[in-house]
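> 3D model of this:
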Amino acid sequence: MPTPPTHPPAPAREFFQRFSATRRGARLARLLAALQLIEWGHPRGTGDHDAVTIVVAELAANAVLHGRVPGRDFALLVRHDDTRSVIRVEVSDTRSELPTHVMPAFDEDHGRGLVLVDALAARWGVHDRVGPGKTVWAEYALSAGPGSPASGQAAQRRKPGQQPARL
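Predicted coordinates:
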């Protein structure tokens, strides 16, 4: 007879949900991810919470605006990796076209989503998924602890305009 573990396994620190590919679905993805971050110990108003929430919002908005296929949902996965001190955000949609990272003109009122993701994430990229479509992912490096400034040091780790990783 196997002996029981001496301590319970760590709870899964993962949030997964499918959403309708609508603006309402993108908003709900942002709100639920923000609540999950609070549950994981990243209070609203901290650099980590706000940065990851922005990444979720931008990737979900891109899935709805650019990756939408009528009648298909998009999926959100947020994973808290304690061993690497990162939060990984993955948004999957059913369109196979890759996102483009361009700098919009100063007076344009759109086109800054991936610029924000690039600025906040330690790294980001795109990979194929099972079935039609793609998954756009971003990893945010958590700050050292409570009271630390937001990490968001991606600009120091990656040259401006450097292309995202493609896996």
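> Tell me which residues of the longest helix along the chain come out buried.
The residue-count maximum for a helix in the chain (DSSP state H) belongs to helix 47-65. For helix 47-65, the neighbour count (16 or more other C-beta atoms under 10 Å) marks 47-64 as buried. To be clear about C-beta, it is placed using only N, CA and C from the backbone, and glycine gets the same treatment.
> How many residues are close by W137?
24 (other C-beta atoms under 10 Å).
> For this protein, just list every one of the helices.
23-39, 47-65, 113-120, 154-157.
> Redo those helices as a markdown table? Include distance to Y140 and mean pLDDT.
Shown next, in a markdown table, are those (distance: least, C-beta to C-beta, whole Å; pLDDT from 0 to 100):
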| stretch | distance to Y140 | mean pLDDT |
| --- | --- | --- |
| helix 23-39 | 10 | 97 |
| helix 47-65 | 5 | 96 |
| helix 113-120 | 6 | 89 |
| helix 154-157 | 8 | 39 |
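> okay if I get these as JSON lines plus distance to D73?
What follows is those, written out as JSON lines (distance: least, C-beta to C-beta, whole Å):
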{"stretch": "helix 23-39", "distance to D73": "7"}
{"stretch": "helix 47-65", "distance to D73": "9"}
{"stretch": "helix 113-120", "distance to D73": "19"}
{"stretch": "helix 154-157", "distance to D73": "29"}
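> quick one: which of those helices is nearest V78?
Proximity to V78 (C-beta to C-beta) singles out helix 23-39 among the helices of the chain, at 5.3 Å.
> and the longest helix of the chain, what other elements does it pack with?
helix 23-39, strand 73-81, strand 86-93, helix 113-120, strand 134-141 (3 or more C-beta pairs under 8 Å, 6 or more residues apart in numbering; DSSP states H and E).
> so the second one versus helix 23-39, what angle?
Here strand 73-81 runs at 10 degrees with respect to helix 23-39, directions being taken by axes from the mean of the first three to the mean of the last three C-alpha atoms, to 10 degrees.
> quick one, strand 73-81 and helix 47-65 angle?
Going by the same axes, to 10 degrees, strand 73-81 makes 160 degrees with helix 47-65.
> burial count for the closest residue to L59 other than its chain neighbours?
In space, and not counting its chain neighbours, L59 is closest to V91: 4.0 Å by C-beta to C-beta, 6 or more residues apart in numbering. V91 has 27 neighbouring residues, counting by other C-beta under 10 Å.
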